[in-house]
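Student: Here is the input, now give the coordinates:
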Amino acid sequence: MTPVMGSVRSLLLCLIVLFSGFSYAENSVKTLPVNAAKIVYIGSDIEIPFWKTMSRGIAQRAKALGYELTIYNAENSVKTELQHTVKAIRDGVDGIIISPQTSSSCAMVLKLAKEASIPVVIADIGTDGGDYVSYISSDNHQGAYDIGRVLVTNLKALGWQAGEVGIIAIPQKRLNGQARTAGFMKAMIEGGITSAGIKQMKTFSQQETYDYSVGLMKRHPDLKAIWLQTSHTVSSALRAVSDLGKEGDVVLIAFDAEPEFPDLIRDNVILGSAMQQPYLMGQEAVFALDSHLQGNQVDKHIRLPILSISKENVIEKLSLIQMTVLGLEQTN
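Tutor: Have a look, this model is predicted:
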């Protein structure tokens, strides 16, 4: 980040450049109480179920507290994220909640928002620097470590402790991605399990996960497990295992959750998943911003626990998963 970007002049330049030819109508959703304070949520990629669930949590709490909320979809693009930020500043919103593309891109958003005296709450992923009201996160390191221990236990029960484990990771430029990898690798090292390497997601597409899964299995004959640091592409990894005839030879374990995960875990299709609570995270983000706007003291870092779900506890935890992980109480 250059010092020039810190000036008001550079912000005006950003306005001129970024708004040229850009339409916001296709990338935002509004809830509009009358005469309400205005807040925005800039989501990393609302088409991904995790962020969609978080946005629903944000919308529920914003509505309950009487805010006018606009939800922007950054569509996995730093440029689009910045465009939405500049628009929010131009519109004079009262607060911003952001789930940034990367920790470095978040620092830029925070810098621009500070110049405009707009408070920001970060909902997951994190930042490399800058001023913010509160950072709502999950304990990614502990959650990844716990699900790593579940994998180690299962591999040893199968007699596969000499096998290798591959990782399909979210970008390691994100602080949460770094924490996930570190926690998981701690569990692997303690369990004496060898790593087959890590592949970082770029497009977050089904095809990308399929290709990474096939590549790991073909290059590593001793591969016994693949850990996916996200949930929405697990179906593609399952398809890759099936296409290569590796059912019963390679197991999958995940991070986060999809509506079908409790059944998949119960039926041993996947071993388990470390489930963040995105609906609850979204609610907490709005609560933190509201508390700040009301002049109250807000905790700088609010870290929520991650649920380590396996066949042993999936039934017991089902109602909690439906409420805080999947946010299904709004559809019941």
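Student: What separation is there between residue 92 and residue 68?
Tutor: Spatial separation of residue 92 from residue 68 under the definition C-beta to C-beta, to the nearest Å is 12 Å. (C-beta placed from N, C-alpha, C; glycine too.)
Student: the more surrounded of those two?
Tutor: Taking residue 92 and residue 68 together and counting by other C-beta atoms under 10 Å, residue 68 has the greater number of neighbours (19 against 9).
Student: Looking at strand pairing, list the partners for that one.
Tutor: When bridges are called by DSSP bridges, residue 68 pairs up with residue 38.
Student: Touching, it and residue 41? I think so.
Tutor: No - using C-beta atoms under 8 Å as the test, residue 68 is too far from residue 41 to be in contact (11.9 Å).
Student: Pull the distance from stretch 180-188 to the chain's centre.
Tutor: Centroid displacement of stretch 180-188 relative to its chain, using C-alpha atoms, centre = their mean, to the nearest Å, is 18 Å.
Student: let me redo that: stretch 65-78
Tutor: Going by C-alpha atoms, centre = their mean, where stretch 65-78 is centred and where its chain is centred differ by 15 Å.
Student: Grab the CA positions of it and hand them over as CSV.
Tutor: Only the C-alpha atoms of stretch 65-78 are listed here, as CSV (Å, rounded to 0.1, in the frame of the first residue of the first chain):
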residue,chain,number,x,y,z
LEU,A,65,-32.5,-3.2,15.2
GLY,A,66,-34.2,-1.0,12.6
TYR,A,67,-31.3,-0.3,10.2
GLU,A,68,-31.5,0.2,6.5
LEU,A,69,-29.2,-2.4,5.2
THR,A,70,-27.6,-2.7,1.7
ILE,A,71,-25.7,-6.0,0.9
TYR,A,72,-23.0,-5.8,-1.7
ASN,A,73,-21.5,-8.9,-3.4
ALA,A,74,-17.7,-8.4,-4.1
GLU,A,75,-17.8,-11.5,-6.2
ASN,A,76,-14.4,-12.7,-5.1
SER,A,77,-12.8,-9.6,-6.6
VAL,A,78,-10.6,-7.0,-4.8
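Student: Endpoint to endpoint, stretch 187-198 covers what distance?
Tutor: End-to-end distance of stretch 187-198 (C-alpha to C-alpha, to the nearest Å): 15 Å.
Student: Quick check: buried residues in it?
Tutor: Judged by neighbour count (16 or more other C-beta atoms under 10 Å), stretch 187-198 contains these buried residues: 187, 188, 191, 193, 195, 196, 198.
Student: Show me what that stretch is in contact with.
Tutor: Residues external to stretch 187-198 that are found in contact with it (C-beta atoms under 8 Å, 6 or more residues apart in numbering): 144-149, 151-152, 155-156, 161-169, 172, 181, 185, 216, 219-220, 222-223.
Student: try 7 Å
Tutor: Judged by C-beta atoms under 7 Å, 6 or more residues apart in numbering, the contacts made with stretch 187-198 from elsewhere in the structure are 145, 148-149, 152, 155, 161, 164-167, 169, 181, 185, 216, 220, 223.
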